[in-house]
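>>> Sequence first, then the predicted structure, then my questions.
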Amino acid sequence: MKLVIAVVQDKDSHRLSSALVKANFRATKLSSTGGFLKAGNTTFLIGVEDSRVDEVLQIIKDNGKARKQLVSPVSPLGGNAESYVPFPVEVQVGGATVFVLPIEQFQQF
Amino acid sequence: MKLVIAVVQDKDSHRLSSALVKANFRATKLSSTGGFLKAGNTTFLIGVEDSRVDEVLQIIKDNGKARKQLVSPVSPLGGNAESYVPFPVEVQVGGATVFVLPIEQFQQF
Amino acid sequence: MKLVIAVVQDKDSHRLSSALVKANFRATKLSSTGGFLKAGNTTFLIGVEDSRVDEVLQIIKDNGKARKQLVSPVSPLGGNAESYVPFPVEVQVGGATVFVLPIEQFQQF
Ligand code: NI
Ligand code: NI
Ligand code: NI
């Protein structure tokens, strides 16, 4: 048994939750801030059988990894229309930081 | 020294806090959601001497374990009185998930 | 790699955050309550290279340790002016509880 602590961006948190439930992992979620990720993020605590650690890491990667995204600039209503560049901009979103910790005992009451 | 991480239902959290204080354990509480427990829950971080791990597990069990509870259905004011069954229903409440982690260093400043 | 979990008083949390960023540590922050500290507190999760554990402990100590502070009593407007003692009172503030945990795997996606 391991304790997996994963910090992911809030925007990926619901998708990751669903993917974990679907794969029959149970996660406790805590609201967190800061860290490698600028925006609000969510800290997942997941108790995992040794044999399923790679599987849970893959799910976290699939649902929370850093990637580029094209974002359309907000239109310059009331702003300076002359300096407005109407091209989508590529930004980085997501990103997950994951710790796998040894457990001495796991109990459910 | 061990770090005990316990996730319990919000409804058991105050009772568990009091029991821990009474037994001279110090816990940090974090608000959390999801996991084995459906409703809002509380995550306790408790630094514990090796010799007292069993004692703290017993306190968590005594104050947070899953149990049946009889719940009286809400009376059907404005509802369909004909289909109303006025018997209390047995539901499961509580439940605690506990991880005991090894610590390499414990410091208080 | 270690996972350092530090619980500090809210009033020290911004100063500690800044000091960690300045030293190039990345911390995830969770809002917490209770524990050794009476008031609201903040729980930091910090992933740290083995060689930098002492350094991060020193930063936590420098920015969150318990110390005495002189607090001026609130003036007794509308209270009993005769029993009012206008001397500053020494109170304890701050205080940090720190766990250093072993990590089996550290991943960033
Ligand atoms: Ni959040
Ligand atoms: Ni809660
Ligand atoms: Ni707080």
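Done, it's in. As the structure is a prediction and not an experimental result, all values here were calculated from the model. Ligands and ions are numbered 1, 2, ... in the order given.
>>> Tell me which residues touch residue A:72, please.
Counting by C-beta atoms under 8 Å, 6 or more residues apart in numbering or on different chains, residue A:72 touches A:88-89. Where C-beta positions appear, they are placed from N, C-alpha and C, glycine not excepted.
>>> Quick check: pLDDT value at residue A:86.
Among the per-residue scores, residue A:86 shows a pLDDT of 72.
>>> Check whether it sits in a helix, strand or coil.
Under DSSP: H, G, I helix; E, B strand; the rest coil, residue A:86 falls in the coil class.
>>> shaky segments in chain A?
Scanning chain A for pLDDT under 70 picks out the ranges A:35-39, A:73-85.
>>> Quick one: the helices in it, in order.
A:10-22, A:53-64 (DSSP state H).
>>> Just list the residues touching residue A:109, thanks.
B:60-61, B:64-66, B:95-96, B:98.
>>> Of these - the most surrounded one?
Comparing these by number of neighbours (other C-beta atoms under 10 Å in any protein chain shown), residue B:64 comes first, having 28 neighbours.
>>> wait, doesn't that one sit right on residue B:94?
Yes. Counting by C-beta atoms under 8 Å, residue B:94 is a contact partner of residue B:64 at 5.6 Å.
>>> what residues are shared contacts of those two?
Contacts common to residue B:64 and residue B:94, judged by C-beta under 8 Å, 6+ apart, are B:8-9, B:12.
>>> Near chain B, which residues of chain A? Just list them.
Contact residues, chain A versus chain B (C-beta under 8 Å from any C-beta of the partner chain): A:3, A:17, A:26-31, A:45, A:47, A:101-109.
>>> how does it look with 6 Å?
A:3, A:26-30, A:101, A:103-109 (C-beta under 6 Å from any C-beta of the partner chain).
>>> Buried members of the residues you listed into ChimeraX, please.
When burial is assessed using 16 or more other C-beta atoms under 10 Å in any protein chain shown, the buried subset of the residues of chain A next to chain B is captured in ChimeraX by this command:
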select /A:3,26,27,28,29,30,101,103,109
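>>> So which of the residues of chain A next to chain B sit within strands?
If you go by DSSP state E, the residues of chain A next to chain B have A:3, A:27-30, A:101, A:105-108 in strands.
>>> Tell me the one of these nearest residue C:54?
Ranked by distance to residue C:54 (C-beta to C-beta), those are led by residue A:101 at 20.9 Å.
>>> how far away is the closest one from residue B:17?
Residue A:101 sits 25 Å away from residue B:17, going by C-beta to C-beta, to the nearest Å.
>>> nearest to residue C:71, of the ones in strands among the residues of chain A next to chain B?
For these, the nearest to residue C:71 is residue A:30 (32.6 Å; C-beta to C-beta).
>>> so how far is residue A:23 from residue A:59?
Counting by C-beta to C-beta, the separation of residue A:59 from residue A:23 is 6 Å.
>>> what about those two, which has more around it?
A count of neighbours by other C-beta under 10 Å puts residue A:59 above the other of residue A:59 and residue A:23, at 19 against 12.
>>> The closest residue to the more buried one other than its chain neighbours: neighbour count?
Distances taken as C-beta to C-beta, 6 or more residues apart in numbering or on different chains place residue A:19 nearest to residue A:59, at 5.1 Å, with adjacent residues excluded. As a burial measure, residue A:19 scores 18 neighbours (other C-beta under 10 Å).
>>> Residue A:19 touches residue A:61, doesn't it?
No. The criterion here is C-beta atoms under 6 Å, and residue A:19 misses it with residue A:61 at 10.7 Å.
>>> What's the nearest residue in chain A when you look at ligand 3?
residue A:33 (10.8 Å; C-beta to the ion).
>>> hey, what's that residue bridged with?
Counting by DSSP bridges, residue A:33 is bridged to residue C:29.
>>> between the shared contacts of residue B:64 and residue B:94, which is nearest chain A?
Chain A has its nearest neighbour among these in residue B:8, at 8.9 Å by C-beta to the nearest C-beta.
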